[in-house]
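Colleague: Following is a predicted model, sequence given first.
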Amino acid sequence: MISAYYFGAISLILIGLYAILTKRNLLKILVGLSIMETGVNLLLISVGYVSGRTAPILTEGATPQTTVDPIPQALVLTAIVIGVATTALALTVAINLYEKYKTLDIEKIRGLRG
Amino acid sequence: MIGINVYLAVIVVATLLSMYRFFRGPTTVDRLIAVDIMTTITTGLMVLFALYYKRAIFLDVALVYAVLAFLGVIAFARYLEGGV
Amino acid sequence: MMQYASLLIALPLFSAFLVPLIKRAGKKVILYYLSLVTLIQTGIAAWVFKEVYTSGKPIIVIAGGFKPPVGINLYIGHFAALFILIIAVVSFFMAVFSIKAINVDPIDKYAMLFLLLMLGATGMIATGDIFNLFVFMEITAISAYALTGYNKTGEASEAAMKYIVLGGIGSSFFLVGIALLYGSLGTLNLAQIAMLASKINPTVAQAALALLVFGLAVEAELFPLNAWAPDAYQASPHPVTVMFSAFVVKAGIYAMIRIVYLFKDTQAFMGILNLLLILGTLTVIIGELSALRQTNVKRMLAYSSIAQVGLIAVGFGVATPQAVDAAVFHMLNHAIVKTLMFLAVGYVAVTFGSPHMENFKGLGKRMPLTAFAITVGAISIVGIPLFNIFWSKFKLLLAALQVGKTGIVALILGASLVEAVYYFRLLHLMWFEDGKGEKIEEDLALGIIMLLLVALIVVIGVYPDFVWGIVQKASADLYNVAQYVKNVPLLQGVSP
Amino acid sequence: MIAEIVGEFLVLFGTVFYFLSSLGLIRMPDVYNRMQTATKSATLGSLGVIIGVGIWAIGRVGSYAWLPKTLVIAVFLLLTNPISAHALIRAAYKSGIPLWEGSVVDKYGEYLKKEKEVSDETKEGEQ
Amino acid sequence: MIDCVQCIEYLIVILMIVSAIFAVEWRDLLAAVVGMAAVSLFASIAFFLLQAPDVAMVEAAIGAAMSAAVFIFAIKRTERYESEEEGTGWWVRW
Amino acid sequence: MVKRVLAIILILITGYWLANALAQVPFGADKMLVGKYYLENVKEQTGAVNAVTAVVVNYRGLDTLGEVTVLFIAATGVAALLWRKKRERTAKSEGSVVLQTGSKLLLPFIMLFGAYIFIHGHLTPGGGFPGGATIATAFLMLYLAFREYEIPHNVFEPLEGLAGMGYVAVGLIGLIIGGYFLFDWIWQTWQLGHANIGRLFSAGFIPIIYTLIGLKVGTELTGIVDNMVKEPKEGGQ
Amino acid sequence: MEEASRISRYLYTVIVLFVIWLFLTSSLDPQELIIGALFSLIVAALTYEVFTEKGLANLHPKRIAYAAAYVPYFLWAMIMANLDVAYRVLHPKRPINPGIVECKTVLKNNVGKLTLANSITLTPGTITLDVKGDRYFIHWIDVKDATVEGASENITKPFEKFLKVIFE
């Protein structure tokens, strides 16, 4: 039996992957990428969670024995910022592509051939 | 004392109802209204959970929501009226 | 004193952040500044190289003064020292080349991205922490995305888009792999992961390793995720192409091998090796076959480069000490040769406008030095004796024969044959066909760089023993995981 | 003790308005009326819940530090929510979503039409 | 007594998945971005419930406002509606 | 259609495989190894109460430096790729009076709030990234409300570079004083602020670095928004 | 309505920001106060030009007294109107009668207009659609009087008597 958060995270990853693999619109692909990143972040956080414990900020009576793992949270902080950086750059490239080809459909953008 | 659980249950129902509008549409503005209400409800939910966990630090997150979530909505609205 | 090796990270960062302040000084000034910074970086890298190889001990840079696994450490062993030197030298050459090759605005942004690409590759090779590896990988990847699209033409944007989408998938997979590893071990330090590797559940280990390999395959250009590579090579500015081929790929494959070899003593290892072999073989086959039908020389070289990376992966997949030696040697040789080739081809493209086959007709008469450089590079790649790649391919062959994998032998020979076909076609075009146009005065600095590289190729080819010694030390650093774990000063008391 | 009761009552009050607002979101016929019932009730509900929690915390957690912070959140909500509602309804109108057929009067449409005519006339005059 | 906290966990996860599916399937890209913002919102609540207030804060600040705004600028400079034709994605072309 | 079904099957297989692996990593179990060390020593070694902040800035400082660099690269890349000779805003309608006045009224509050978030990074959740994003959101709001608004570029770009250089410089000072790159010289060498853990003036260089990161993230995200919102003018390149 | 002097506007911004800071931190620790004062000074220096037009004159006791009286009045109006809308929502026949009406206002100050618009919006049943000069276009869920004067009487007048003192 798999926990709810794991299930949600895996589902988000898979939905994002599905969008990337099958959609033809560039912005839709980027939406998929964004969703996928959210899923990965959720997975990392839920790996670090310990049942029944509180946030790793040692005030208001929280002790090292009653708090969850701080490392995944630190990692996810980094990952979120990296994700938004990638998204911004990708959108920029999409804008450039649209200016050149006047379409966002990847089937119609075929300047380079393998 | 009625207890926090009842309030949470009411909030759950409210969330579900507004999500119905979110999925149903029919226009984008309807969905935006639903998201707007969701953020408002979420702010309240976070404050309630702060009380549930008895930690004041969670209030800061609700504060961020109160201040920032409306900007997303305004961005959408300004796009819709052609003003970005 | 050893901690000053962290300047390798600090210097490019500092100088990249300085660029916005000096951008009013003019385009040429920025490009000269770029050369200066990379020269200083080369100096530091040379110092580190000397320290490591004379003392025989790796340099462990401890960031923040917290010993690993609590803090992050940089592990500059023999392999890392060698490749950091190569990165710095190639970057310096390319900074010099940029003065001539880059004329698309905005130059100051180009300089920043260039420095950060170098920084990312350096960090990827030097780091000793898996999440830090991810961060440096993203630095490399994102600056590479931006540089790929830098020319702002349709092709460049398209290539950048492909790269971004594939890179995004790859980095997500990599993070999932990290999550699995962290969830079962509770640590992120590579040395500690190696130490605890046998405790990990085999299912989890296999899944995590496969995810990590897939994640790094984007950078390392292995088969299913390398569709971006030829496009990006073709469309990016010429110095950047050299950097991709010379060290970005190498950093990716190094990281992959480092992670995979940490699990040497576990059950999951054999499965991953097979995966690596399959991916490498497919990469070689598809790369070589695609290279045959190209008319754009840069693209042809790109496919050739992909095929060579596949060979390196196959070498690592065999995983005997000899094979690893040979693969590292091939990495080194390939970096040298491809730097030369892409530099020369890029120079031709800058002069004539595009790297199309047409422009190479009669090059031997018009730009003799460049043509000579391309010739030496081509002959070397094909694997003619007395040139450097002959030795690495030969040693790879021997290593494969030792474990009785005749399929790999056939693969290497076949690849060489196909390479011979398309490279000799190019050579024929250059020397034996008449082109139109006058003889062209060649740039002095670039000529010197090309001659240097040619000399290096020939020297290694004729007298490989000295470099072979260095390579053996480097590959021992990669292969001998127990020594790696011993070298990292893990904090006592943080273990289960 | 008093604080707990007062706070809990406020929270209950707020959640009821949450429920009403989402019910309005479902039941109303067009965008404009949905906004009427939904946004405002939700704001009032949040106000109740947030300040209620601030007061409740005096009893339940025993800390007076919650109230100022919750007050700040409430003030920000009061400032931002109507602005976003206004921006949304303006966007809805400008993007051409029609009013519900039961609507009585549309002064804004008349105004816009008149303004457009004026600007057209001035343009013609210029030409 | 039903444990409403757990109930909210399940609800959040389900709503998150459903919004993600809709975000991917809606043809109107603006609606897709709204869906993405909703996913971000629910993810933020999930982070909150998983005792990660720092992450919830960053997700709120970046996911709710910044990311959506950047997507909107991109939509404004390109086009809003996805074409109706069915097709396959990039994965077919190596 | 066949290909779509194929994709779905592929994805389902991947998902099953992932779920299988994840089943071996139990949810909610205590898997801490290094994390425990952090939690137990965070107060003495860094002075921060918020363990996440201590991990981000002190223990894994190199990650954070890299993360700031990634954002810097993204801002630079966006600027480089959208660079044109002449650019302008092409908004069709001005924001209404309500929105304009509201954004004027909210601007100082949002900026103060961003400052509050990043200066309290070691005490409450938050830190440089949400703080910087909040500040950037204030400028985003101005861009949305006013058609003619323009950030002062000659302030923002040097500030971006200076903040980054300041971060590296703090690290290098640590290298000179304490012998390690990114060493917390204020807390560990000078021993400042040991008396007031849990109050504002503690935690060594965390507030300094978070201020720098906040400024940097704010300027970078604003730069991204600024570049995205302007379109090339007709007749420009 | 001339603008107040720069120093007055600056000081007013600093004071407002500092009060907000006190509420945000909700502590009187001297360290927090020092940093709060510092940040208030910096942020105010950056933003006072857009923030306020009248400066310290806003802190006139009469204005504060009216503002203090306005809050409970407004809250009461809000709750009443909310109950009215709740009745409309819950009623099975949905007794609504919507339309867009026009109102006139006597307020000239922009902040006053904002407050009026926000108050109107927050009172359920009415929502500000647009503001052009002194004309308010309001979507009203239950149109009782479609003329300009009648609508103003119903919607804007009750708030204006407070807001005029506070903001004019």
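Modeller: It's in.
Colleague: what secondary structure does the residue nearest to the spatial centre of chain G sit in?
Modeller: Nearest to the mean C-alpha position of chain G, by C-alpha atoms, centre = their mean, lies G:Thr115 at 2.1 Å. Under DSSP: H, G, I helix; E, B strand; the rest coil, the three-state class of G:Thr115 is helix.
Colleague: Contacts only, for it.
Modeller: Applying C-beta atoms under 8 Å, 6 or more residues apart in numbering or on different chains to G:Thr115 gives the contacts G:163, G:166-167. To be clear about C-beta, it is placed using only N, CA and C from the backbone, and glycine gets the same treatment.
Colleague: Quick one: the helices in chain E, in order.
Modeller: For chain E, the helices defined by DSSP state H cover E:4-25, E:29-49, E:53-58, E:68-77.
Colleague: which outside residues touch the helix or strand of chain E with the lowest mean pLDDT?
Modeller: Using mean pLDDT, DSSP states H and E, the weakest-scoring helix or strand in chain E turns out to be helix E:4-25, at a mean of 86. Helix E:4-25 is contacted from outside by A:4-5, A:7-8, A:11-12, A:15-16, A:18-19, A:23, A:28, A:31-32, A:35, B:4-5, B:8-9, B:11-12, B:15-16, B:19, B:22-23, B:52, E:31-36, E:38-39, E:42-43, E:45-46, E:49, using C-beta under 8 Å, 6+ apart.
Colleague: contacting residues for the residue in chain G that chain A sits nearest to?
Modeller: Going by C-beta to the nearest C-beta, chain A is nearest to G:Ser27 of chain G, at 12.2 Å. Contacts of G:Ser27 were listed using C-beta under 8 Å, 6+ apart, and they are D:Ala65.
Colleague: my read is it is in a helix, agree?
Modeller: No - G:Ser27 is assigned coil when assessed by three-state DSSP, not a helix.
Colleague: Quick check: C:Tyr182 vs chain A, distance?
Modeller: C:Tyr182 sits 6 Å away from chain A, taking C-beta to the nearest C-beta, to the nearest Å as the criterion.
Colleague: Tally up the residues packed near that residue, please.
Modeller: Other residues lying near C:Tyr182 total 27 when counted by other C-beta atoms under 10 Å in any protein chain shown.
Colleague: With the one 5 residues further on instead?
Modeller: Look at C:Thr187: counted by other C-beta under 10 Å, it has 27 neighbours.
Colleague: Would you mind listing what in chain A touches chain D?
Modeller: Contacts of chain A with chain D, taken as C-beta under 8 Å from any C-beta of the partner chain, are absent.
Colleague: is chain A contacted by stretch C:294-313?
Modeller: No - applying C-beta under 8 Å from any C-beta, one finds stretch C:294-313 separated from chain A by no less than 8.6 Å.
Colleague: Quick check: closest non-adjacent residue to whichever residue of the stretch 51-200 of chain C sits closest to chain D.
Modeller: Closest to chain D within the stretch 51-200 of chain C is C:Met161: 30.0 Å, counting by C-beta to the nearest C-beta. The shortest distance from C:Met161 to any non-neighbouring residue, by C-beta to C-beta, 6 or more residues apart in numbering or on different chains, is to A:Val93 (5.1 Å).
Colleague: And the pLDDT for that neighbour?
Modeller: Note on A:Val93: pLDDT of 89.
Colleague: Surely it is within a strand?
Modeller: No - under the criterion used here (three-state DSSP), A:Val93 is helix, not part of a strand.
Colleague: Please spell out which residues along the helix or strand C:Phe372 falls within are buried.
Modeller: Using DSSP states H and E, C:Phe372 maps to helix C:368-382. Neighbour-count burial for helix C:368-382, with 16 or more other C-beta atoms under 10 Å in any protein chain shown as criterion, is recorded at C:369-382.
Colleague: And stretch D:81-101, by the same measure?
Modeller: D:81-95, D:97, D:99.
Colleague: cool, and stretch G:30-39?
Modeller: Buried positions in stretch G:30-39, judged by neighbour count with 16+ other C-beta under 10 Å: G:32-33, G:35-36, G:39.
Colleague: Arrange the residues you listed in a markdown table, one row each, with distance to G:Leu90, pLDDT and secondary structure as further columns.
Modeller: A markdown table is the format used below for the buried residues of stretch G:30-39 (distance: C-beta to C-beta, whole Å; pLDDT from 0 to 100; DSSP: H, G, I helix; E, B strand; the rest coil):
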| residue | distance to G:Leu90 | pLDDT | secondary structure |
| --- | --- | --- | --- |
| G:Glu32 | 47 | 84 | helix |
| G:Leu33 | 49 | 87 | helix |
| G:Ile35 | 50 | 86 | helix |
| G:Gly36 | 46 | 87 | helix |
| G:Phe39 | 47 | 87 | helix |
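Colleague: Contacting chain A as well, which ones from those residues?
Modeller: Contacts with chain A are made by none of the buried residues of stretch G:30-39, judged by C-beta under 8 Å from any C-beta.
Colleague: Need those in a markdown table (columns: distance to F:Phe183).
Modeller: As requested, the buried residues of stretch G:30-39 are arranged in a markdown table below (distance: C-beta to C-beta, whole Å):
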| residue | distance to F:Phe183 |
| --- | --- |
| G:Glu32 | 28 |
| G:Leu33 | 31 |
| G:Ile35 | 25 |
| G:Gly36 | 30 |
| G:Phe39 | 28 |
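Colleague: from those, which is closest to F:Tyr59?
Modeller: The closest of the buried residues of stretch G:30-39 to F:Tyr59 turns out to be G:Ile35 (C-beta to C-beta; 25.1 Å).
Colleague: mean confidence for stretch F:10-21?
Modeller: On average, the pLDDT along stretch F:10-21 is 88.
Colleague: does chain E sit close to it?
Modeller: No - taking C-beta under 8 Å from any C-beta as the criterion, stretch F:10-21 and chain E are apart, separated by no less than 8.9 Å.
Colleague: Equivalent analysis for stretch F:127-144, please.
Modeller: Yes - Stretch F:127-144 is in contact with chain E by C-beta under 8 Å from any C-beta, via F:127, F:129-130, F:133-134, F:136-137, F:140, F:144.
Colleague: What is the least confident helix or strand in chain C?
Modeller: For chain C, counting by mean pLDDT, DSSP H and E, that's helix C:363-366 with a mean of 81.
Colleague: Quick check, central residue of chain F?
Modeller: F:Phe129 (2.7 Å).
Colleague: could you check the angle helix E:68-77 makes with the strand or helix carrying that one?
Modeller: Using DSSP H and E, F:Phe129 sits in helix F:128-145. If you take axes from the mean of the first three to the mean of the last three C-alpha atoms, to 10 degrees, helix F:128-145 sits at 40 degrees to helix E:68-77.
Colleague: Show the contacting residues for the most centrally placed residue in chain A.
Modeller: What sits nearest the mean C-alpha location of chain A, by C-alpha atoms, centre = their mean, is A:Glu37, with 1.0 Å. In this structure, A:Glu37 makes contact with A:16, A:79-80, A:83, A:86-87, C:168, C:172, judged by C-beta under 8 Å, 6+ apart.
Colleague: Take the residues you listed and write them to a markdown table, including distance to chain B, pLDDT and secondary structure.
Modeller: Below are those laid out as a markdown table (distance: C-beta to the nearest C-beta, whole Å; pLDDT from 0 to 100; DSSP: H, G, I helix; E, B strand; the rest coil):
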| residue | distance to chain B | pLDDT | secondary structure |
| --- | --- | --- | --- |
| A:Gly16 | 19 | 90 | helix |
| A:Ala79 | 18 | 90 | helix |
| A:Ile80 | 14 | 89 | helix |
| A:Gly83 | 17 | 90 | helix |
| A:Thr86 | 20 | 90 | helix |
| A:Thr87 | 15 | 90 | helix |
| C:Gly168 | 22 | 90 | helix |
| C:Ser172 | 24 | 90 | helix |
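Colleague: out of these, who has the most neighbours?
Modeller: Neighbour tally across the contacts of A:Glu37 (other C-beta under 10 Å): the maximum, 29 neighbours, falls on A:Gly16.
Colleague: The nearest residue to that residue once chain neighbours are set aside sits in which helix or strand?
Modeller: Computed as C-beta to C-beta, 6+ apart, the closest residue to A:Gly16 that is not its neighbour in sequence is A:Met36, at 2.8 Å. A:Met36 is part of helix A:26-47, with elements assigned from DSSP H and E.
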